[in-house]
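[1] Take this sequence and fold it.
(chains A and B)
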Protein chains: 2
Amino acid sequence: MGEKFFTTKEAAKTVGCSLRQLQYWREKEVVVPTIEGSGTGRSIYYSRSDLVELAIMEYLLSVGLSFATASWGLKILIRTDTDYANPKTKRRWMLRWDLDTRKLVLETFDKEKAIALLDKGQAIIPIWLETIHKRF
Amino acid sequence: MGEKFFTTKEAAKTVGCSLRQLQYWREKEVVVPTIEGSGTGRSIYYSRSDLVELAIMEYLLSVGLSFATASWGLKILIRTDTDYANPKTKRRWMLRWDLDTRKLVLETFDKEKAIALLDKGQAIIPIWLETIHKRF
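    Next up is the predicted model:
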């Protein structure tokens, strides 16, 4: 069985973002489609893994994060979790706001820790891969 | 006793943001200084309330929020909580990510509710005014 690929239209519809966003993310090399021939737009195809990346990006932006923060978050996540594209993964991550550096840090989601941080007024942005995968 | 006012330099230093940011926020009318004469930059003075607004903006951006989201968050907060500039306020707010609308909503910080949302993988960004006020 060959892998399924998605056109830009299919990818945008599945993930819930615009063609304009997809194009911008290609230009900025945030999510680069597995198949991207030079020339016409017809030679662009996203793999299922690419779709997961698009969905993570869409989610982080929907949380209100800036483009820079969202693309950093995606980059660090796929670098840290090599299994991110596996539809069966139940891995849970979180971006937590670090009081000392005043920046976000990626960590394994730990409920007790998250509550303790919340209790100090620190922001928690969960990234649950099972939730991401459930979207398509 | 007259109210204390701060120059742009003092305000930037106190809040921990750049003069460029302050200028941008003035241009975009996100934080408008109480005293802003036309002409030279010397006629710009921030009140203590203005500083609180700057500190909230700086905090929301440090969490990684986009400029649009941070300025929306600030606007909705000061519209909702008329006591926000009171140094004695202990009011706690939170921006929570709403799963249905896929957007942030401002609400009173409620620990139990925050934990329940976190437990569903929803982002929580606390805005505790006492923490903001403690910064200066």
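[2] centroid residue for chain A?
    In chain A, the residue lying closest to the centroid (C-alpha atoms, centre = their mean) is residue A:56, at 2.0 Å.
[3] in which helix or strand would I find it?
    Element membership for residue A:56 (DSSP states H and E) is helix A:48-62.
[4] centre of the chain versus the helix or strand just after that helix, how much separation?
    Once the chain leaves helix A:48-62, the next helix or strand it forms, by DSSP H and E, is helix A:67-80. With C-alpha atoms, centre = their mean, to the nearest Å as the basis, helix A:67-80 stands 7 Å off its chain's centre.
[5] Please apply the same query to stretch A:121-136.
    Distance, centroid of stretch A:121-136 to centroid of chain: 9 Å (C-alpha atoms, centre = their mean).
[6] do the same with stretch A:81-101
    10 Å.
[7] Relative to the helix or strand of chain A with the lowest mean pLDDT, what are the paired strands and their orientations?
    Scoring the helices and strands of chain A by mean pLDDT, DSSP states H and E places strand A:35-36 at the bottom, with a mean of 87. Sheet pairing of strand A:35-36 (DSSP bridges) gives strand A:44-45 (antiparallel).
[8] ok, and for stretch A:11-30, which residues are buried?
    Going by neighbour count (16 or more other C-beta atoms under 10 Å in any protein chain shown), the buried part of stretch A:11-30 is A:11, A:12, A:14, A:15, A:17, A:21, A:22, A:25, A:26, A:30. In short, each C-beta sits where N, CA and C put it, glycine included.
[9] What's the mean pLDDT across it?
    Across stretch A:11-30, pLDDT averages out at 96.
[10] Residues in contact with it: which ones?
    Contact with stretch A:11-30 is made by A:6, A:8-9, A:31-33, A:36, A:44, A:46, A:50-51, A:54-55, A:57-58, A:67, A:71, A:74-75, A:135-136, as judged by C-beta atoms under 8 Å, 6 or more residues apart in numbering or on different chains.
[11] can you check stretch A:54-73 too?
    Residues contacting stretch A:54-73 (C-beta under 8 Å, 6+ apart): A:11, A:15-17, A:21-22, A:25, A:28, A:30-31, A:46, A:74, A:77, A:84, A:95, A:104, A:106, A:125, A:127, A:132, A:135-136, B:61, B:64-67, B:69, B:73, B:95, B:97, B:102-104, B:123.
[12] Show me these that map onto strands.
    A:95, A:104, A:106, A:125, A:127, B:95, B:97, B:103, B:104 (DSSP state E).
[13] any idea how far chain B is from the fifth one?
    Read it as residue A:127. 8 Å (C-beta to the nearest C-beta, to the nearest Å).
[14] repeat for the first one
    Relative to chain B, residue A:95 is positioned 7 Å away (criterion: C-beta to the nearest C-beta).
[15] The third one now?
    The gap separating residue A:106 from chain B is 11 Å, by C-beta to the nearest C-beta.
[16] ok, that residue - contacts?
    Residue A:106 sits in contact with A:73, A:76, A:77, A:80, A:93, A:94, A:95, where contact means C-beta under 8 Å, 6+ apart.
[17] and these, which are buried?
    Among the contacts of residue A:106, the ones that count as buried by 16+ other C-beta under 10 Å are A:73, A:77, A:93, A:94, A:95.
[18] Out of the residues you listed, the closest to residue B:89 would be?
    residue A:95 (27.9 Å; C-beta to C-beta).
[19] Hmm, the closest one is touching residue A:117, no?
    No: if you go by C-beta atoms under 8 Å, residue A:95 and residue A:117 don't touch, sitting 11.2 Å apart.
[20] In three-state terms, how would residue A:112 be classified?
    helix (DSSP: H, G, I helix; E, B strand; the rest coil).
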